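S.K.: dropping a prediction and its sequence here:
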Amino acid sequence: MTSDHIRKMFTLLFVAGFFLFLFGPLITMGLTAFNSSEFPRVTPWECFTVEWFDVLRQDQRLMQGIKTSFFIGIGVVFVAVPLGLAGALLLTQVPDRTRPWYYTILISPILVPGVVLGISTLIFWDRMGQMFFGDSVFYNGYFLTILGQSTFISAYTMLIFIARLQRFDPALEEAALDLGATHVQTFRKVLLPFLKPAIGSAAVLAFLASFENYNTTVFTVVSEATLTTVLVSKVRYGINPSISALAVVIILITLIGACYYELVKRRELRAIDNAKRVAGGGASVVQRRFFAEPAAWLILLVFVVGLGTAFVAGTTGVDECKVEVKEQKRVQTEARIKALNERRAKEEASAENDSVSPAEPRTRAKGTENFNSIFQKDNLEGQMDSSKSDESSDKPARKGTENFNSMFDQGNLQGEESEAETRPEPEPKSRKGTENFNNIFDPGNLNQPDAK
Amino acid sequence: MSADVELKNVWVRFGDFVAARDVDLHIGEGEFFTILGPSGCGKTTLLRAVSGFLEPSDGQVLIGGRDMAGIGPNRRPTALIFQNLALFPLMSVWENITFALEVRGVNRADRRKRATELLELIALPDQGDKMVGELSGGQRQRVAIARALAAEPDVLLLDEPLSALDLKLRQHMRSELRAIQQRVGITFIYITHDQGEALTMSDHIAVMREGVIEQVSDGTTLYDDPGSSFVASFVGENNYFRGTVVDTDVSYTTLDTPSGRFRGRTSKNQSLRKGDDAFVFIRPESIKFDSGLDNSLQARVRNQEFEGNFWQVFLDVEGENKGLKLSTVNDGRHHENISGDTVSVGFNADLAVVLPAGPLAAE
Ligand SMILES: Nc1ncnc2c1ncn2[C@@H]1O[C@H](COP(=O)(O)OP(=O)(O)OP(=O)(O)O)[C@@H](O)[C@H]1O
Ligand SMILES: [Mg+2]
């Protein structure tokens, strides 16, 4: 191995590590969307499923949040793009000496923490309403959020326009004026067409920046809820993989958008290249079409195969798989309980050997409805019965929700939906000691029941 | 229609910097007028004052007798062809050409018709639907001219429009431009730093240096009777000796120089007195291998260059460190290499001109 090899290896390793760092979280999250586990996780892998996409679709609050985010995003585009353009144009008009000052002022909203922008927007418009109308007329989530976000998103769009304007030949404007165009005509017919791509980029950027914003939004949104605020409140109260499903959808949209953009750009490049070839007679640089790129085919292949398997596998055999997993879990739990029982029996035996008063352990066992009742035989048997009797096994567990272990309980996560489903307790007897921690090993409880 | 242009005591200042100093010019109707000067002398500045992109700090601009003060570029009867052409890259050729009509609200069908006519005029028929990026440099040049002509200006202003072209194309475009000007009959104000361009095309030439107009005249006068040492050294090639006037009258002046005593014509445009510091200018083609002329001197041949129709011979002269250049028509007699030889050369007093010492054009 030469040092050259080592260097190559190191580079490769670094690149791999770098990509893992970038895409590892995304890939993991993407995978959790297809695992039937109640909690977003990859291991243990349970069943391949697409049901979380259904759950996502039926999540009213999230859907409403997306809708609100969408409309706010559109609103921000319509405020921030013209504002950014105006700022960029202003900078081309001011004298060179004062330009850095204007620039700093216009760019400063980017440097101000979003939280501050949010609070100040809220307070400012509240005061304005009080001052001029005597009440909080501006206290509207859409209005405040669009304005609040636009303060810094206009600075982003302005940067895009500045970059584009730097490549604008001011002689074109003069040429138009010289040919008799008014200033308005010059703007419309010469400058605006030149800025068109930048307007597109700025609009996309503004929309995305608005869509994903939380810091500012959380203060200005008032009684509405955007996607981000809904997501955050969800995380607070416990999440399920439908959030991963949302991530998958967003990633897919992004990928498709990126591919489309690449396609359009290549077509443009080719057109320019052709034009150059006609004029200069040089050889073409961008000969390849998008779909002549092996990488494009690879992406497409992975995409199609992935989607295909997802839907084939996700819709067939899920139920059987789930039953299987449940059975496996039950077996595991049983084994664990058995092991515990054995250990306990051993302990008791050794305790007796230590010649402790024979009555003592008895009483202890009797008197503790809490910790050890689960180890009692009838108790366990009852549980097993219930687990055999179909899905009702999970219901007892739901009854015991005053404790911690049901934190990730479906019923808890889904709120109202499961409430309606509550069924009669199959084994009231076994429920006796459940106001406490001990049903943590309850097989029914461990067999995380599914949504339906 | 065509109009004359008058600049009256025009000054342009950028802060403390004076880009145009007391410029007085009259450009006749239908004339091909050239402003010639080295880079940075203020040619573009002057043109912008005429087209309206810049208000003179002082003085007046009149077009067709009308004072242009306060009238913007879009309301002046001028059209400007920019140094870099400034064709609209996102428009097709015909849209570029008819932009002036579009902003006036002429309908599309009429515009197309006019575009076809203009494309005919600039010898680019059937190229209207191309994008400007698909044209060659010379074609783009002609599109820029057509675009300006479509505005039907009284005065067409051209800012070094040929500078980006290669030599062959430039020479071709010169005659083309001249032909177009004669066909449409409007006033052309043409800017260049290329004296060859100026001499071949213009009716009149104004030579400019550092914001000042040094001389206005037709090309032959400029070449044969330069009004200042700057003009003499800038327009065409010139050899010169610097010396002190020892004798001067209306026709001839004699100078004492480190290389000898020389006699030349007295400049019509400047007055000289005995004892003045002065230059005597001699064109390379006026120096002959002949010791029997009015002036003569000894020189050593440094090297010679063959240019086909001409031989350029570079001579070292005692007392002059820059040497002399001599051009002689290739008549087949000087083919032998004479490098290193000492030769006798001379020139006639009628073909040399004496001017007061002043700034020279940079080599
Ligand atoms: N807007 C301006 N501000 C300050 N100085 C300027 C401005 N425009 C031109 N100048 C100065 O005025 C002088 C003349 O400029 P101008 O563009 O007229 O030169 P030019 O003769 O056209 O040169 P070229 O042949 O290189 O185009 C230059 O020294 C230039 O630096
Ligand atoms: Mg110039």
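M.R.: Sure, I can see it. Ligands and ions are numbered 1, 2, ... in the order given.

S.K.: which residues touch stretch B:162-178?
M.R.: B:32, B:83-85, B:137-138, B:141-142, B:145, B:158, B:161, B:188, B:190, B:192-194, B:197, B:200-201 (C-beta atoms under 8 Å, 6 or more residues apart in numbering or on different chains). Just so you know, the C-beta spots here come from the backbone N, C-alpha and C atoms, and that holds for glycine as well.

S.K.: what does stretch B:330-347 give?
M.R.: Contact partners of stretch B:330-347, identified using C-beta under 8 Å, 6+ apart, comprise B:282, B:286-304, B:306-311, B:313, B:315, B:324, B:326, B:328.

S.K.: of the residues you listed, buried ones?
M.R.: By the neighbour-count criterion of 16 or more other C-beta atoms under 10 Å in any protein chain shown, the contacts of stretch B:330-347 include these buried positions: B:282, B:286-288, B:293, B:295, B:297, B:299-301, B:304, B:311, B:313, B:315, B:324, B:326, B:328.

S.K.: list the buried residues of the helix or strand hosting B:Val61.
M.R.: Assigned by DSSP states H and E, B:Val61 falls within strand B:58-63. Of the residues in strand B:58-63, those buried by neighbour count under the rule 16+ other C-beta under 10 Å are B:Gly59, B:Val61, B:Leu62, B:Ile63.

S.K.: avg pLDDT for whatever helix or strand comes next after that strand?
M.R.: Per DSSP H and E, strand B:58-63 leads on to strand B:66-67 as the next helix or strand towards the C-terminus. Across strand B:66-67, the average pLDDT comes to 92.

S.K.: quick one: strand B:66-67 to chain centroid distance?
M.R.: Average the C-alpha atoms of strand B:66-67, do the same for its chain, and the two points are 27 Å apart (C-alpha atoms, centre = their mean, to the nearest Å).

S.K.: tell me the strands beside it, with direction?
M.R.: Strands adjacent to strand B:66-67 in the sheet, as given by DSSP bridges, are strand B:58-63 (antiparallel).

S.K.: quick one: mean pLDDT over the partner strand.
M.R.: When the per-residue pLDDT values of strand B:58-63 are averaged, the result is 93.

S.K.: rewinding a little: so of the buried ones among the contacts of stretch B:330-347, which ones are in strands?
M.R.: B:282, B:295, B:297, B:299-301, B:304, B:311, B:313, B:315, B:324, B:326, B:328 (DSSP state E).

S.K.: now A:Ala88: how far from A:Leu246?
M.R.: With distances taken as C-beta to C-beta, to the nearest Å, A:Ala88 is found 35 Å from A:Leu246.

S.K.: just list whatever residues bridge to B:Leu355.
M.R.: Note on B:Leu355: beta-bridge partners B:Phe279, judged by DSSP bridges.

S.K.: tally of neighbours for it?
M.R.: Around B:Leu355 there are 26 other residues, counting by other C-beta atoms under 10 Å in any protein chain shown.

S.K.: per-residue pLDDT of it, please?
M.R.: Reading off the model, B:Leu355 has pLDDT 93.

S.K.: so which other helices or strands are in contact with the host helix or strand of B:Val246?
M.R.: When elements are assigned from DSSP H and E, B:Val246 belongs to strand B:239-248. When contacts are defined as 3 or more C-beta pairs under 8 Å, 6 or more residues apart in numbering or on different chains; DSSP states H and E, strand B:239-248 sits against helix B:229-234, strand B:252-257, strand B:260-266, strand B:277-282, strand B:320-329.

S.K.: dihedrals phi and psi, B:Gly236?
M.R.: B:Gly236 has phi and psi values of phi 70, psi 180 when expressed as degrees, to the nearest 10.

S.K.: could you do B:Phe14 as well?
M.R.: Taking degrees, to the nearest 10, you get phi -110, psi 100 for the backbone angles of B:Phe14.

S.K.: for residue 100, what is the enclosing helix or strand?
M.R.: No chain in the question, so chain A it is. With secondary structure defined by DSSP H and E, A:Pro100 is part of helix A:99-111.

S.K.: to clarify, I was referring to chain B.
M.R.: Counting by DSSP H and E, the element that carries B:Ala100 is helix B:99-102.

S.K.: that helix - contacts with which helices or strands?
M.R.: Counting contacts by 3+ C-beta pairs under 8 Å, 6+ apart, helix B:99-102 packs against helix B:108-121, helix B:137-150.

S.K.: which pLDDT value belongs to residue 75?
M.R.: You didn't pick a chain, so chain A it is. For A:Gly75, the model assigns a pLDDT of 95.

S.K.: meant chain B, my bad for not saying
M.R.: The predicted structure scores B:Arg75 at 91 on the pLDDT scale.

S.K.: burial count for it?
M.R.: Applying other C-beta under 10 Å, we find 13 residues neighbouring B:Arg75.

S.K.: got a list of what it touches?
M.R.: Contacts were defined as C-beta under 8 Å, 6+ apart; by that measure B:Arg75 touches A:Gly180, B:Gly52.

S.K.: ok, it to B:Phe82 distance?
M.R.: Per C-beta to C-beta, B:Arg75 is found 19 Å from B:Phe82.

S.K.: before we move on, the earlier item: pipe the buried residues of strand B:58-63 into a markdown table and attach distance to ligand 1 per row.
M.R.: What follows is the buried residues of strand B:58-63, written out as a markdown table (distance: C-beta to the nearest ligand atom, whole Å):
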| residue | distance to ligand 1 |
| --- | --- |
| B:Gly59 | 16 |
| B:Val61 | 15 |
| B:Leu62 | 21 |
| B:Ile63 | 19 |
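
S.K.: pull the distance from the helix holding B:Ala100 to the chain's centre.
M.R.: Centroid separation between helix B:99-102 and its chain, computed with C-alpha atoms, centre = their mean, is 32 Å.

S.K.: quick one, what contacts the residue of the stretch 51-200 of chain B found nearest ligand 1?
M.R.: Using C-beta to the nearest ligand atom, B:His193 is the residue of the stretch 51-200 of chain B that sits closest to ligand 1, at 5.0 Å. Applying C-beta under 8 Å, 6+ apart, one finds that B:His193 lies in contact with B:Leu36, B:Gly37, B:Pro38, B:Ser39, B:Lys43, B:Glu160, B:Ser163.
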